[in-house]
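[1] The sequence and its predicted three-dimensional model are supplied below.
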Amino acid sequence: AHRGAAGRGEAEGLYRRVIVAEPAHAEALYNLAFLKQQEMEMEEAGALYQRAFELQPLRLQFRNALSQFSDNKYRDLLLTRDTRDPVDAVLRAKKKWREQAEADAKKTPAELLQDDSSSSLSESSDFPDP
């Protein structure tokens with residue numbers, strides 16, 4: 001906890017030294033942003049929250065801090081980063097699998113065999129040749 005102006009000033013100096021030494025230190029960026037927000041220096045707070053979020057877009061704490069700005073100038077950033085969310089990726093894959101399973105259920109066994117033979121793994125660029 002940062003008690004009083006002196007404590008906040010000391011904490012701010014510490015966070016700034018950490019950031020100078022390690023610019024990608026997301027936790028220090030977030031903590032400095034929090035201090036700046038308490039001091040009502042919203043422009044700097046928002047920029048610092050943004051940097052922390054860009055470094056670790058899956059940290060809910062960083063996302064929530066950035067989303068609280070009423071001007072919503074960070075909305076596009078938050079929306080574009082949603083696609084990197086592993087939970088979202090799993091849900092999209094599950095939906096795609098379900099749709100494929102429903103489509104396959106309507107096919108005859110001969111159609112399913114034909115589909116399997118036309119999509120050989122060896123033809124895929126995702127797999128190296130043995």
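    Structure's in. What do you need?
[2] Enumerate the positions of the strand or helix carrying residue 14 that are buried.
    For residue 14, the host element (DSSP states H and E) is helix 4-21. Buried positions in helix 4-21, judged by neighbour count with 16 or more other CB atoms under 10 Å: 11, 12, 15, 18, 19. For the C-beta atoms, the positions are set from N, CA and C on the backbone; glycine is no exception.
[3] I'd say the fourth one and residue 28 touch.
    Which is residue 18. Yes: using CB atoms under 8 Å, residue 18 is in contact with residue 28, at 4.1 Å.
[4] just checking, residue 16 touches residue 32?
    Yes: the pair residue 16 / residue 32 is scored as a contact, 6.7 Å apart, by CB under 8 Å.
[5] still on that earlier bit, what is the helix holding residue 14 packed up against?
    If contacts are counted by 3 or more CB pairs under 8 Å, 6 or more residues apart in numbering; DSSP states H and E, helix 4-21 sits against helix 26-38.
[6] mind listing what's buried in the helix it packs on?
    26, 28, 29, 30, 31, 32, 33, 34, 35, 36, 37.
[7] quick one: average pLDDT of the helix or strand following that helix?
    Remark: after helix 26-38, the chain's next helix or strand is helix 42-55, criterion DSSP H and E. For helix 42-55, the mean per-residue pLDDT is 91.
[8] Backbone dihedrals for residue 108, both of them.
    Dihedral pair for residue 108: phi -80, psi 160, per degrees, to the nearest 10.
[9] Tell me the confidence at it?
    82.
[10] Including distance to residue 53 and pLDDT, could the buried residues of helix 4-21 go into CSV?
    Shown next, in CSV, are those (distance: CB to CB, whole Å; pLDDT from 0 to 100):
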residue, distance to residue 53, pLDDT
11, 21, 91
12, 20, 93
15, 16, 96
18, 18, 96
19, 15, 96
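[11] Out of these, which is nearest to residue 50?
    Using CB to CB, residue 19 comes nearest to residue 50 of the buried residues of helix 4-21, at 13.8 Å.
[12] Hmm, that closest one is touching residue 26, no?
    No: the criterion here is CB under 8 Å, and residue 19 misses it with residue 26 at 10.0 Å.
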